[in-house]
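Novice: Any chance you could fold what I've pasted below:
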Amino acid sequence: MDPNFLKQLFQQEFTKIVAVISKSFGLRYIEIAEDIVSETFLVATESWQTKGIPANPTAWLYTVAKQKTLAYFRRNKLFEEKVLPMVQQNQRNEDEVDAFNFSQENIKDSQLKMLFAICTPAIASEAQIGLALRILCGFGIEEIAEAFLSNKETINKRLFRAKEKLRSEKIELELPAEQEIIKRLDNVLHIIYLLFNEGYYSKTQNQILRKELCVEALRLALMLSAYEKTNTPKTNALLALICFHSSRFEARQTNEGDFILYEQQDEKRWNQELINQGLYFLQRSASGDELTSYHIEAKIAQCHCTKEDRFEKWMEILQLYDRLLIVNYSPAAALNRIFALYKVKGAKTALAEIKALQLEGNHFYFVLLGELYKELDKNKAIANFRKAKNLAKTTLEQEVIQQKIDRLD
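Specialist: Numbers count the residues shown, from 1 in each chain. Next comes the predicted model:
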């Protein structure tokens with residue numbers, strides 16, 4: 001059995017099963033739900049290695065998870081005493097609704113409610129995002145630690161406290177009032193944004209592109225757009241951003257999995273359907289008065305969907321980055337702005353500004369320095385590329401940087 005298949009299936013289904021169990025039996029049992037799903041995948045690994053993968057592996061997982069969940073609650077005398085009365089109370093008609101089912105409609109409803117339940121003001125913002133990345137996006141502890149520039153021990157403690165808060169505050173898995181939904185939407189969108197970023201340029205796996213995470217981010221964003229109260233301009237702006245970036249997936253890698261830089265990509269391999277979807281969502285995001293970082297980043301991503309290396313294109317991108325840094329400053333955006341500045345005003349002007357950023361711990365900083373020095377001082381370019389390679393965290397990144405060094409040697 002291909003271990004990558006099981007890993008991908010875990011990434012896709014872990015979050016769904018946890019959400020459905022939590023919706024059925026309450027958020028106070030969220031850790032039990034995680035344990036049950038992990039045990040379900042362990043059983044799947046053992047069973048499928050000897051008996052082969054079933055015809056419908058997803059349905060197999062849902063069935064086993066449901067059996068294990070019911071067995072757990074009955075074994076602990078919780079089902080008859082607490083869970084069943086609660087389920088019956090919440091049902092208008094026992095025969096009308098199966099409260100514990102894995103229909104696509106119930107999965108979507110469970111995950112939408114989970115998103116907003118986790119983003120309760122009772123939990124600190126960073127803990128909200130960490131918990132959602134774990135429960136709803138299937139992130140491992142190491143991946144969450146990378147996203148927060150922290151360590152595994154700190155993240156484990158933060159997640160434990162967040163789950164305790166869900167229990168002590170008796171947070172229900174239900175959609176809040178309309179005004180509260182609007183307040184929580186920013187954190188929900190940020191969670192999806194982080195998920196897509198980790199997939200688009202992974203920092204924690206020995207691969208740069210993790211499509212399954214990007215697809216999951218797109219699915220969650222589409223789920224928000226399908227619900228009237230969360231179908232806002234900034235939701236559509238994030239969707240546009242995801243579509244534009246996703247359109248270049250096939251052009252970013254060779255068939256062997258090697259990374260292809262933007263300037264070397266074959267634009268014929270760009271997905272025009274996704275570009276058109278991006279334009280559709282970008283147009284929908286234009287209503288209202290709010291200008292968010294998602295709007296600006298989506299517009300920048302749209303510019304990159306035109307391969308032609310024109311001065312006007314880079315001038316527009318530079319102006320967009322100037323606005324982005326005002327709306328939402330980040331070191332990554334500041335570095336990207338320097339590259340646009342280089343394309344507009346040349347290497348000397350860009351060098352004068354990049355040194356002021358002082359991002360010596362960031363390997364992208366030295367990659368860009370290397371690029372800027374290529375035309376001015378080959379030795380300095382090589383020296384900066386070597387510093388970048390030493391700081392790069394994945395083998396693939398190191399290989400890409402080594403290729404830059406080899407071309408200059």
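
Novice: Name the residue closest to the centre of this structure, please.
Specialist: The residue lying closest to the centre of the chain (CA atoms, centre = their mean) is Leu195, at 0.8 Å.

Novice: Pull out the buried residues from the strand or helix carrying that one.
Specialist: Per DSSP states H and E: Leu195 is located in helix 178-200. Neighbour counts over helix 178-200 (16 or more other CB atoms under 10 Å) mark 181, 184-185, 187-200 as buried. For every residue, glycine as well, the C-beta is placed using N, CA and C.

Novice: After that helix, which helix or strand is next?
Specialist: Trace forward from helix 178-200 with DSSP H and E and the next one is helix 211-225.

Novice: Who are the contact partners of Lys234?
Specialist: Lys234 makes contacts with 185, 189, 285, 290, 292, 294-295, as judged by CB atoms under 8 Å, 6 or more residues apart in numbering.

Novice: Show me just the buried residues among these.
Specialist: Counted by 16+ other CB under 10 Å, the contacts of Lys234 give 185, 189, 285, 292, 294-295 as buried.

Novice: how about JSON lines for these, with pLDDT and distance to Ala55 added?
Specialist: Output for those, formatted as JSON lines (pLDDT from 0 to 100; distance: CB to CB, whole Å):
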{"residue": "Leu185", "pLDDT": "92", "distance to Ala55": "40"}
{"residue": "Leu189", "pLDDT": "93", "distance to Ala55": "38"}
{"residue": "Ser285", "pLDDT": "96", "distance to Ala55": "42"}
{"residue": "Thr292", "pLDDT": "96", "distance to Ala55": "45"}
{"residue": "Tyr294", "pLDDT": "97", "distance to Ala55": "41"}
{"residue": "His295", "pLDDT": "98", "distance to Ala55": "45"}
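
Novice: quick revisit: check whether the residue nearest to the centre of the chain really touches Arg210, as I assumed.
Specialist: No - using CB atoms under 8 Å, Leu195 is not in contact with Arg210, being 10.0 Å away.

Novice: pLDDT of the helix or strand harbouring Leu241, averaged?
Specialist: Take DSSP H and E as the rule and Leu241 turns out to sit in helix 233-246. Averaging pLDDT along helix 233-246 yields 96.

Novice: ok, residues contacting stretch 336-343?
Specialist: 309, 311, 314, 317-318, 321-322, 324-325, 349-350, 353-354, 357, 368, 371-372.

Novice: Inside strands: which ones of those?
Specialist: Assignment to strands by DSSP state E places none of the contacts of stretch 336-343 there.

Novice: Show me how to select, in PyMOL, the buried members of those residues.
Specialist: To isolate the buried ones among the contacts of stretch 336-343 in PyMOL, judged by 16+ other CB under 10 Å, type:
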select buried, resi 314+317+318+321+324+325+350+354+368+371+372
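
Novice: So which of the contacts of stretch 336-343 are in helices?
Specialist: 311, 314, 317-318, 321-322, 324-325, 349-350, 353-354, 368, 371-372 (DSSP state H).

Novice: Just give me the closest of those residues to Leu408.
Specialist: Nearest to Leu408 among the ones in helices among the contacts of stretch 336-343: Glu371, at 10.8 Å, using CB to CB.

Novice: Would you enumerate the residues in contact with the closest one?
Specialist: By CB under 8 Å, 6+ apart, the neighbours of Glu371 are 339, 342, 381.

Novice: buried ones in whichever strand or helix holds Phe10?
Specialist: Secondary structure from DSSP H and E places Phe10 in helix 3-25. By 16+ other CB under 10 Å, the buried positions in helix 3-25 come out as 6, 9-25.

Novice: Centre of the chain to it, how far?
Specialist: 16 Å (CA atoms, centre = their mean, to the nearest Å).

Novice: can you dump the C-alpha coordinates of that helix into CSV?
Specialist: The C-alpha coordinates for helix 3-25 follow below in CSV (Å, rounded to 0.1, in the frame of the first residue of the first chain):
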residue,chain,number,x,y,z
PRO,A,3,2.0,5.4,2.3
ASN,A,4,1.4,8.6,0.4
PHE,A,5,-2.2,7.5,-0.4
LEU,A,6,-3.0,7.0,3.3
LYS,A,7,-1.3,10.2,4.3
GLN,A,8,-3.3,12.2,1.7
LEU,A,9,-6.5,10.4,2.8
PHE,A,10,-5.8,11.3,6.4
GLN,A,11,-5.2,15.0,5.4
GLN,A,12,-8.6,15.0,3.6
GLU,A,13,-10.8,13.0,6.0
PHE,A,14,-9.4,13.6,9.5
THR,A,15,-10.9,17.1,9.8
LYS,A,16,-14.2,16.0,8.4
ILE,A,17,-14.7,13.1,10.8
VAL,A,18,-13.6,15.1,13.8
ALA,A,19,-16.1,17.9,12.9
VAL,A,20,-19.0,15.5,12.5
ILE,A,21,-18.3,13.7,15.7
SER,A,22,-18.0,17.0,17.6
LYS,A,23,-21.2,18.3,16.1
SER,A,24,-23.1,15.1,17.1
PHE,A,25,-21.7,14.8,20.6
